[in-house]
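Undergrad: below is the sequence, then the predicted model.
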Amino acid sequence: MSDKLQPPLDATTRYCAVYGHPIKHSASPAMQNAGIANLGLNWRYLAFDVHPEHLRFAIAGAKAMKYVGLNLTVPHKLLALEMVDVLDDSAKTWGAVNTIRFETRNKSGEWVSLAQVSPDEVNDIRAHGFNTDADAITRSLGEDLGINLRGASVLLLGAGGAGRAAALKLASEGVANLFLLNRTEEKATQVAVEINTRFPGVRIHVTVHSPNKAAETIRALRTHNPAINIFEGYPNLPVDLVLNATSLGLKPEDALPVDANWLKTRRPRFVYDMIYRPAETPLLQLAKSIGCKTANGIGMLLYQGAKALELWSGRTAPIQTMREALEKNVYGK
Ligand code: ATR
C-alpha cells in the first residue's frame, strides 16, 4: 500500500533528489517517497530548481553531502553527460543521463551504491550516470497505447535529452520512418546522423519548420549531411504516432509543439505526450478531440523512476505503490 509512513528525519536520514528548471510541476517526490517508505528506508527524495549554469555545482554538492542519487529532468539530461565521472552503457547507448547513482568503494575495492555504505565509511565518491528513460518510454507506449512500434511511422517532437533517447530507442525497436522536428534543427540533424549510422534500416527524416530561415537552413544542413532526408514542413506520409518530447505544454502560455492543422488533417492513430502535468496538455486535448488514442507521460515517469530507485537501493521497486502515489499526485484521486 502507498500509505506507509516514512520514519522521522534524523541524523542518519539519507537523501536523493530531482534537479530541473522548472521543477515545481514534478511528481517525482510524491512517487519516490511512497516507494522509499514502502521499502522501509530512512531516506527522503527532494526536488530542486537548478539553473543549467549551476548544474555542475549542484551535482558536486549532492556528491559532497553523500546523497545516494539524483534524477535529472528538463533541461539537464544532455548537459549531465559531461558532468558525471563514469557513464553506464545505458547512458552511452541512449545518449542522455536522467539518473545518477553516487558510488564508493567497498572493502573489496568494488564500486557500490553509496546507499550500501555508512556515510562515515565512505571514501572516494564517483557519480555514475545512467539512462532509465529509454526503456520506460517504449514500455509505456506499449502498455498505454498498445502500439506496435516495428514498422511504424513516428513524428518525434524534440531532440533534447529525452527526445534523443526516445529517437534512438524507437530506432532500435525497428520503426520504419522516423521524422524528427526540433526548434534547433542542428540538434535534430545530429540525432538523425547518429541513427543513420547505428540503425541504417530506419528511414530518417528531419523536418525544418521555421519558415523564415527554412531555405537557408535546409541548404546548409543538406550540404553537411547528404545522407539525411531534410525537408521543409510536415510529413506527407501517413504517421502512426506523434510523440512530444519537448517541454512545450508545461506552461499554460506555451504554443502547441506541432501544427494544429497538420494534426487535424493527418489524424495520426496515436499521440503521446511525455508531459504529465497538466495531465492533459493542449496537444492531448486536441488529439483526443479528433479521435486519436492518447496518453500522457505518467507511465514513462513511473518506469524511469522505479528503475532509478532500484539502481540506488538494490531492491525491487514497489511499482504499484509508486503508481498509486503518482496518480494521486497528478489526478488528485
Ligand atoms: P530534456 O533534457 O528534459 O530533454 P532539453 O534537452 O532542454 O530537456 O530538451 C527540451 C526540448 O524542448 C528540446 O527539444 C527543446 O528544443 P531546442 O533543442 O531547440 O532547445 C524543446 N523546447 C524547449 N522550449 C521550446 C520552445 N519554446 N519552443 C520549441 N521547442 C522548445
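TA: Nice, thanks for sending it over. Residues are numbered from 1 along each chain as shown.

Undergrad: so which residues of the stretch 1-150 of the chain form helices?
TA: Using DSSP state H, counting those that start in this stretch, the helices found in the stretch 1-150 of the chain span residues 28-38, 55-64, 89-94, 133-140.

Undergrad: now the shortest one: buried residues?
TA: By that I understand helix 89-94. Neighbour counts over helix 89-94 (16 or more other C-beta atoms under 10 Å) mark S90, A91, W94 as buried. From N, CA and C alone the C-beta is placed, and that goes for glycine too.

Undergrad: got it, and stretch 112-121?
TA: S113, L114, A115, V117.

Undergrad: what do you get for stretch 129-146?
TA: 129-141, 144-145.

Undergrad: give me the number of residues near A47?
TA: A47 has 20 neighbours, counted by other C-beta atoms under 10 Å.

Undergrad: specify the beta-bridge partners of it.
TA: V18 (DSSP bridges).

Undergrad: that one contacts A17, correct?
TA: Yes - A47 is within contact range of A17, at 6.4 Å (criterion: C-beta atoms under 8 Å).

Undergrad: and stretch 17-35, what's buried?
TA: In stretch 17-35, counting by 16+ other C-beta under 10 Å, buried: 17-21, 23, 25-35.

Undergrad: equivalent analysis for stretch 98-107, please.
TA: N98, T99, I100, R101, F102, E103, T104.

Undergrad: could I get these as CSV with pLDDT and distance to the ligand?
TA: Compiled in CSV, the buried residues of stretch 98-107 are given as follows (pLDDT from 0 to 100; distance: C-beta to the nearest ligand atom, whole Å):
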residue, pLDDT, distance to the ligand
N98, 98, 8
T99, 98, 12
I100, 98, 14
R101, 98, 18
F102, 98, 20
E103, 98, 23
T104, 97, 27
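
Undergrad: and A30, how far is that from the ligand?
TA: For A30, the distance to the ligand (C-beta to the nearest ligand atom, to the nearest Å) stands at 19 Å.

Undergrad: and the residue of the stretch 101-250 of the chain found nearest the ligand, how many residues sit next to it?
TA: The stretch 101-250 of the chain approaches the ligand most closely through G160 (1.9 Å), counting by C-beta to the nearest ligand atom. Residues lying near G160 (other C-beta under 10 Å) number 22.

Undergrad: same check, this time on L243
TA: 25.

Undergrad: start the count at 364, not 1, going forward
TA: Happy to do that; since the first residue is 364 now, the last one works out to L606.

Undergrad: for the host helix or strand of it, which helices and strands make contact with it?
TA: Per DSSP states H and E, L606 falls inside strand 604-607. Under the contact criterion of 3 or more C-beta pairs under 8 Å, 6 or more residues apart in numbering; DSSP states H and E, strand 604-607 touches strand 516-520, strand 633-636.

Undergrad: chain center to the following helix or strand past the first one, what's the gap?
TA: Spelled out, it's strand 516-520. As assigned by DSSP H and E, the chain's next helix or strand after strand 516-520 is helix 524-535. Centre-to-centre, helix 524-535 and its host chain are 9 Å apart (C-alpha atoms, centre = their mean, to the nearest Å).
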